[in-house]
Every structure is written in C-alpha cells, then in structure tokens.
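**Q** Give the three-dimensional model of this entry:
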Amino acid sequence: RQNAASISQSNSSMVSTYFLASKSMGVVILLLTTFASVFSGYTVVGVPNEAGYNGFTAIRWISGVGYVGIGALIILPRLRRLSDIRAYSSPGDFVFDRFRSISVRVITSLCLCVPQILYISVQFHALGATLAFFTNYELEFNTVVCVSAFLIFLFECAGGMRTVAYTDAVQGTVMICVFICFPIVLAVMYA
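**A** As a prediction, the model looks like this:
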C-alpha cells in the first residue's frame with residue numbers, strides 16, 4: 001500500500017520525465033533545440049519579408065535578440081539552480097513559490113500560454129505559407145497547418161519534451177547546414 005507522499009513523488013517524477021525530459025538532455029541537444037526555437041519560421045520567413053517591406057527598420061530584430069540573449073545569460077543560471085533545489089517543473093513554479101497564491105498561479109499560467117499560442121500560430125502560418133508557395137499551391141495552406149498540428153500533437157503524446165527536443169535538434173541541424181551551404185552555393189553560382 002502506497003502512502004500519499006510516495007504517490008505524489010511518483011506523479012512528480014512522471015511529470016518531470018514527460019514535460020522536462022527528466023532535465024537530462026545533453027548540451028548538444030539543448031543547443032540545437034534552442035537554435036531551432038530562436039531561428040524559427042518567423043526568423044527565416046517573417047523577418048526577411050518585413051525587411052523587404054520596411055527596409056532598415058527591421059534591424060531592431062538584431063538588437064532585440066542580443067538583449068534577450070544577455071537577459072537569458074543573467075537570469076537562467078539562477079532559475080536553473082532554484083529549479084534543482086526546489087524541484088520546479090515549469091516557469092510558473094517560481095512565481096507560485098515566491099507568492100504562494102493560487103490566483104497568481106492561474107494568472108501566471110494564462111500569461112505563459114498567450115505567447116506560446118502566438119508563437120505556435122506564427123510557426124504554423126510560416127510553414128503553411130512557405131510550403132503552399134513552393135509547391136505552387138498544390139499543398140493547400142489549411143491542409144499543411146492541420147497536418148502539422150496533428151504531427152506535433154502525435155509527437156507530444158508519444159514522448160513529451162524528449163521527442164520535441166529531438167525533432168528540434170534535427171531541425172536545428174538542417175538549418176545550420178543550410179545556413180552554411182547557402183552562401184557557398186551563392187558564391188559558386190554567382191561569383
């Protein structure tokens with residue numbers, strides 16, 4: 001017969017394994033998944049498109065990424081140490097731990113969902129528009145978005161954060177190869 005503490009610990013372990021990949025991803029996978037997230041569909045499709053329409057004002061993205069990186073370098077090591085000490089399983093756990101209020105926890109959770117919904121919406125739009133364009137609209141925008149959403153849901157159900165990180169790592173590797181090969185191909189073809 002299990003007591004409440006062991007059941008709670010078991011559930012916490014399952015949540016950590018599913019959503020956080022047991023916090024055991026290697027440095028290479030972590031870097032590649034972060035790279036794929038930072039240099040995502042909007043960066044590859046949206047920013048150049050905006051630069052084409054608005055010109056030099058799109059330069060703000062370069063400084064914005066720099067400030068985000070500096071902020072992450074300052075804050076994330078501290079949050080990582082705290083998450084290990086206090087067994088946090090989400091960014092909202094820090095806020096709940098600080099204020100100990102259920103209403104603050106709910107508001108924090110909702111506030112954390114809004115940017116993620118916007119982010120995934122932009123990714124779906126970038127993928128759908130890009131594939132529709134490159135296939136001369138043989139693949140319809142809505143079909144691409146629905147199939148992509150289904151695949152993401154399937155991957156998430158199958159393996160949680162670990163499968164997301166591995167697919168991001170593959171995406172990051174492909175993007176790095178393209179970023180390296182593209183200037184070489186341009187130089188060979190147009191030099």
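
**Q** can you count the residues close to residue 152?
**A** Using other C-beta atoms under 10 Å, the number of residues around residue 152 comes to 16. Where C-beta positions appear, they are placed from N, C-alpha and C, glycine not excepted.

**Q** and the gap between it and residue 105?
**A** Distance of residue 152 to residue 105, computed by C-beta to C-beta, to the nearest Å: 26 Å.

**Q** List the buried residues for the helix or strand containing residue 185?
**A** In this assignment (DSSP states H and E), residue 185 forms part of helix 161-190. For helix 161-190, the buried set under the neighbour-count rule, 16 or more other C-beta atoms under 10 Å, comprises 161-169, 171-172, 175.

**Q** tell me what it is packed against?
**A** The helices and strands touching helix 161-190, judged by 3 or more C-beta pairs under 8 Å, 6 or more residues apart in numbering; DSSP states H and E, are helix 4-20, helix 27-38, helix 141-159.

**Q** mind saving the C-alpha coords of the shortest one as PDB?
**A** What that stands for is helix 27-38. Extracted as PDB, the C-alpha positions of helix 27-38 are listed here (Å, rounded to 0.1, in the frame of the first residue of the first chain):
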ATOM      1  CA  VAL A  27      24.300  20.100 -24.100                       C
ATOM      2  CA  VAL A  28      24.300  19.400 -27.900                       C
ATOM      3  CA  ILE A  29      20.600  18.600 -28.000                       C
ATOM      4  CA  LEU A  30      19.800  21.600 -25.800                       C
ATOM      5  CA  LEU A  31      21.800  23.900 -28.000                       C
ATOM      6  CA  LEU A  32      20.200  22.600 -31.200                       C
ATOM      7  CA  THR A  33      16.700  22.700 -29.800                       C
ATOM      8  CA  THR A  34      17.300  26.300 -28.600                       C
ATOM      9  CA  PHE A  35      18.700  27.200 -32.000                       C
ATOM     10  CA  ALA A  36      15.700  25.800 -33.800                       C
ATOM     11  CA  SER A  37      13.400  27.700 -31.500                       C
ATOM     12  CA  VAL A  38      15.200  31.000 -31.900                       C
END
